[in-house]
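In: starting from these lines, generate the structure:
(one chain, ligands or ions: 1)
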Amino acid sequence: MFMNADLENIIALQRLDSATHAAERRLAEEADREKALEARLTVARDTVTAAKERLADSQAARRNVEKDVALHQGRLSKFREQAMAVKTNQEYHAVQKEIDFAQTEMKAAEDKVLERMLEADDLTAAVKKAEAELASETKKVDADRKAMAAEFAELRSSLEQIRRERTAVVGSLSPQVMDIFERVAQRRNGVAVAEARDGVCTICHVRLRPQVFNTVRRNDQITQCDSCNRILYFVPLAAAPAAEPSPDQPQPPG
Ligand SMILES: [Zn+2]
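Out: Have a look, this model is predicted:
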């Protein structure tokens, strides 16, 4: 089917501009996505740091109770020496009482050391687990970062390609039509072209006058929507898909 060359070019131009906007929106997310990757590593690193701190605290506490054990041991040997030198039964009982007391204290401290040793086993396992998770997260983030770099490199190169195509399209457009396109695009959020279907502008949804729709159906001239001013085109039922706008084309209201 014959289509007015300006109309064909204007549809191509809109497709290129919409693709540019979509690519630019994705490129604008680069910094945030990089931050999100870094945040995943920070969480994993913080988990390792916290696990190591818990282990270090537990080990410090164990050293303290070990000092207690040594202290009680010292007292115990002192009392045992005294027990050898006692002269009376009363003295013996007094020292024996001290020995019993020191033994109880020492036993309690030894139990605490044992508890800390068991706790250290769990905390060491937690450190190992956190370190393994950090290693695995680092690998995943590296892979995601590479994929992201490839994605953005592709976006940039497709933007270059779009720019070259756009220059060619703009070069073959009549300046008057280009002027209409630019003015409407500026006012309509970058979308200056709309398909007319079933007598309606598919973007602003306003019903076209029958006479306007009949003109649009012929695709042989530049016709603007009375309501949103977008340049209208018509896709016949059996038309090639090339005449349809890309699905990622933004369709803001109005
Ligand atoms: Zn409209």
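In: below-threshold pLDDT in the stretch 101-250 of the chain: ranges please.
Out: Applying pLDDT under 70 to the stretch 101-250 of the chain flags the ranges 238-250.
In: same thing but at 50, please
Out: 243-244, 246-247 (pLDDT under 50).
In: my guess is residue 202 contacts residue 194, does it?
Out: Yes: counting by Cβ atoms under 8 Å, residue 202 does reach residue 194; the two are 5.7 Å apart. Just so you know, the C-beta spots here come from the backbone N, C-alpha and C atoms, and that holds for glycine as well.
In: who has more neighbours, these two?
Out: Each of residue 202 and residue 194 has its neighbours counted (other Cβ atoms under 10 Å); residue 194 has more, 26 against 16.
In: how far off centre is the helix or strand harbouring that one?
Out: Using DSSP states H and E, residue 194 sits in strand 193-197. In this view, strand 193-197 has its centroid 37 Å away from the chain centroid, taken as Cα atoms, centre = their mean, to the nearest Å.
In: so what's the gap between the helix or strand just after that strand and the chain middle?
Out: With elements assigned by DSSP H and E, the helix or strand that comes after strand 193-197 is strand 200-201. The chain centre lies 39 Å from the centre of strand 200-201; the measure is Cα atoms, centre = their mean.
In: what of stretch 199-218?
Out: 43 Å.
In: what's the first-to-last distance across it?
Out: Taking Cα to Cα, to the nearest Å as the measure, stretch 199-218 stretches 13 Å from start to finish.
In: mind listing what's buried in that stretch?
Out: Buried positions in stretch 199-218, judged by neighbour count with 16 or more other Cβ atoms under 10 Å: 200-204, 208, 212-213, 215-216.
In: from those residues, list the ones also adjacent to the ion.
Out: Counting by Cβ under 5 Å from the ion, 201, 204 from the buried residues of stretch 199-218 sit close to the ion.
In: next step: the buried residues of stretch 199-218 restricted to helices.
Out: 212-213, 215-216 (DSSP state H).
In: for these, which one is nearest residue 181?
Out: Residue 181 lies nearest to residue 216 out of these, by Cβ to Cβ, at 16.2 Å.
In: quick check: that closest one touching residue 224?
Out: No: counting by Cβ under 8 Å, residue 216 stays clear of residue 224, with 9.7 Å between them.
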